[in-house]
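In: Give me the fold of what follows.
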Amino acid sequence: MKTVLEELCGCTAPSGFEAPAVQVASRLLEPLVDELQVDRMGNLIGVRRCGRPGAKKLLLDAHLDEIGLLVTGVADGFLRFRSIGGVDPRMLPGREVWVLTQPPLPGVVTCQPPHLHDGEEESKSIPLSDLRIDVGMSQEQTEAKIPVGTPVVYRGSCFSLGTEQMCGKALDDRSCFVVLLRTMELLANRKLDVDVYVMGSTREEVSGVGATVGTWSIQPDCCVAVDVTHGRTPDGPTDKTFTLGGGPAIGVGPNMTRWMTKRMLEKAKDRNIPYQQEVMSGHTGTNGWEMQISREGVATSVLSLPLKYMHTPIETLSLSDLEQTARLLAAFTEDLGKEWPL
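Out: Below is the predicted model of the structure:
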């Protein structure tokens, strides 16, 4: 899982520009499914068929896009930009980035040395509109090499943090696609009674349109949105964060289908899989929000992986949580057709 995480998270693939991540994910998923395709929205969709006529369809989704920036112009050789998705401007000054030209160019987000602060600026967040990217070129060179609309992402992949955790960019949500790969490995020699669809969806960070279109075309009977949730940190509220190493967080709330939530909880208890419960009283902040209202409606569950420092270049997770989340998804899938609620 470490190797796959490093490979997937090393891809430069912000929302709307996911092709590099889709290409790698496609190679990883292909041996585990019977059919594979990339749809018009760029979603990667694989299916393992159970061979039963009229079998129910289960869709497992994790998005492949990451947050990023988009070049809007050049001023004195420095790039102006806007955000793609929920970028925290506090994370940007002094940050190394890739400007996704062909080939990509390295850059750094400008920052003011502490010697030049007036004392009050130290505690302030600099607005995105006031930040620039330095690519070390003149105005003319920059305009010639970097057109408006060029995407930008944090530089780097991910790395081990201690013996149990991994840290880096784009773990939201490529770590959960790794969970789906591991789930399909666990199910590889098991006889299934449902057709299992795996979707690596696009554009979750900006609209959820990838999952919307993908779910519409697949027409699943039920779906599970697998995404990250907030891991516990010293400065985080305990009622809104979850323990790394404590297992997946099972979503509980009005927008999750009750029988699916109940089945998740029962399977975790039956298999001695550690789990946590996440109360979601409104919008889940995941693709599950869009997937549940596809066509005439789809039974939906949300399963989340605790992640520290979400939407930063140092997102951090527990490797044991990856395995436990995959085990729970595999347990949920087995005998689903036989145990389908009336």
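In: ok, the helix or strand hosting Arg80: who's next to it in the sheet?
Out: Using DSSP states H and E, Arg80 sits in strand 78-84. When pairs are called by DSSP bridges, strand 78-84 turns out to pair with strand 68-75 (antiparallel), strand 133-134 (antiparallel).
In: who are the neighbours of the helix or strand just after it, in terms of helices and strands?
Out: Per DSSP H and E, the first helix or strand lying C-terminal to strand 78-84 is strand 96-99. Strand 96-99 makes packing contacts with strand 105-109, strand 151-154 when contacts are defined by 3 or more CB pairs under 8 Å, 6 or more residues apart in numbering; DSSP states H and E. Every C-beta, even on glycine, is put in place using the N, C-alpha and C of the backbone.
In: For those, give me a markdown table that also has distance to His311, mean pLDDT and mean neighbour count.
Out: As requested, these are exported to a markdown table (distance: least, CB to CB, whole Å; pLDDT from 0 to 100; neighbours: other CB atoms under 10 Å):
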| stretch | distance to His311 | mean pLDDT | mean neighbour count |
| --- | --- | --- | --- |
| strand 105-109 | 15 | 97 | 20 |
| strand 151-154 | 10 | 98 | 24 |
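In: Any idea which of those strands gets closest to Tyr275?
Out: strand 151-154 (30.9 Å; CB to CB).
In: What ranges in the stretch 151-300 of the chain fall below the confidence cut-off?
Out: For the stretch 151-300 of the chain, no stretch has pLDDT under 70.
In: At which residues are the helices of it located?
Out: Secondary structure of the stretch 151-300 of the chain (DSSP state H, counting those that start in this stretch): helices at 171-186, 209-218, 258-270, 288-291.
In: Point out the other helices and strands that the second one packs with.
Out: To tie it back to what came earlier, the one meant is helix 209-218. Using 3+ CB pairs under 8 Å, 6+ apart, helix 209-218 sits against strand 57-63, strand 195-201, helix 288-291.
In: Off-centre distance for stretch 21-39?
Out: Here the centre of stretch 21-39 is set off from its chain's centre by 17 Å, with CA atoms, centre = their mean, to the nearest Å.
In: for it, how far is the first residue from the last?
Out: Stretch 21-39 has its terminal residues 15 Å apart, counting by CA to CA, to the nearest Å.
In: Provide the contact partners of that stretch at residue level.
Out: 4, 7-8, 11, 13, 42, 44-49, 64-66, 174, 177, 180-181, 184-185, 188, 198, 200, 202, 213-214, 217 (CB atoms under 8 Å, 6 or more residues apart in numbering).
In: got it, and stretch 271-284?
Out: Outside of stretch 271-284, the residues within contact range by CB under 8 Å, 6+ apart are 225, 229, 242-243, 246-256, 264-265, 267-268, 289, 302, 304, 306, 324, 327-328, 331.
In: in what helix or strand does Leu329 lie?
Out: Judged by DSSP H and E, Leu329 forms part of helix 319-333.
In: how close does Thr261 sit to Val224?
Out: 11 Å (CB to CB, to the nearest Å).
In: More neighbours: which of those two?
Out: Just comparing Thr261 and Val224: by other CB atoms under 10 Å the higher neighbour count belongs to Val224, 29 against 19.
In: Pipe the helices and strands packed on helix 209-218 into CSV and attach mean neighbour count and distance to Pro106 per row.
Out: Output for the helices and strands packed on helix 209-218, formatted as CSV (neighbours: other CB atoms under 10 Å; distance: least, CB to CB, whole Å):
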stretch, mean neighbour count, distance to Pro106
strand 57-63, 26, 26
strand 195-201, 27, 27
helix 288-291, 25, 35
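In: okay, the ones you listed in JSON lines with distance to Trp340 next?
Out: JSON lines is the format used below for those (distance: least, CB to CB, whole Å):
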{"stretch": "strand 57-63", "distance to Trp340": "10"}
{"stretch": "strand 195-201", "distance to Trp340": "13"}
{"stretch": "helix 288-291", "distance to Trp340": "18"}
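In: Of all those, which one comes closest to Phe159?
Out: Nearest to Phe159, of all the helices and strands packed on helix 209-218, is strand 57-63, at 21.3 Å by CB to CB.
In: Let's see the distance spanning stretch 241-256 from one end to the other.
Out: 19 Å.
In: Go through it and flag the buried ones.
Out: Buried residues in stretch 241-256, counted by 16 or more other CB atoms under 10 Å: 241-242, 244, 246-253, 255-256.
In: so which pair among the residues you listed is furthest apart in space?
Out: The most widely separated members of these, counting by CB to CB, are Leu244 and Asn255 (25.3 Å).
In: Take the helices of the stretch 151-300 of the chain and write them to JSON lines, including distance to Pro147.
Out: Formatted as JSON lines, the helices of the stretch 151-300 of the chain follow (distance: least, CB to CB, whole Å):
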{"stretch": "helix 171-186", "distance to Pro147": "27"}
{"stretch": "helix 209-218", "distance to Pro147": "24"}
{"stretch": "helix 258-270", "distance to Pro147": "46"}
{"stretch": "helix 288-291", "distance to Pro147": "31"}
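In: what's the distance between Cys167 and Asn287?
Out: Counting by CB to CB, the gap from Cys167 to Asn287 is 24 Å.
In: related to what we said a few turns ago, if I look at Thr261 and Val224, which residues touch both of them?
Out: By CB under 8 Å, 6+ apart, the residues touching both Thr261 and Val224 are Ser301.
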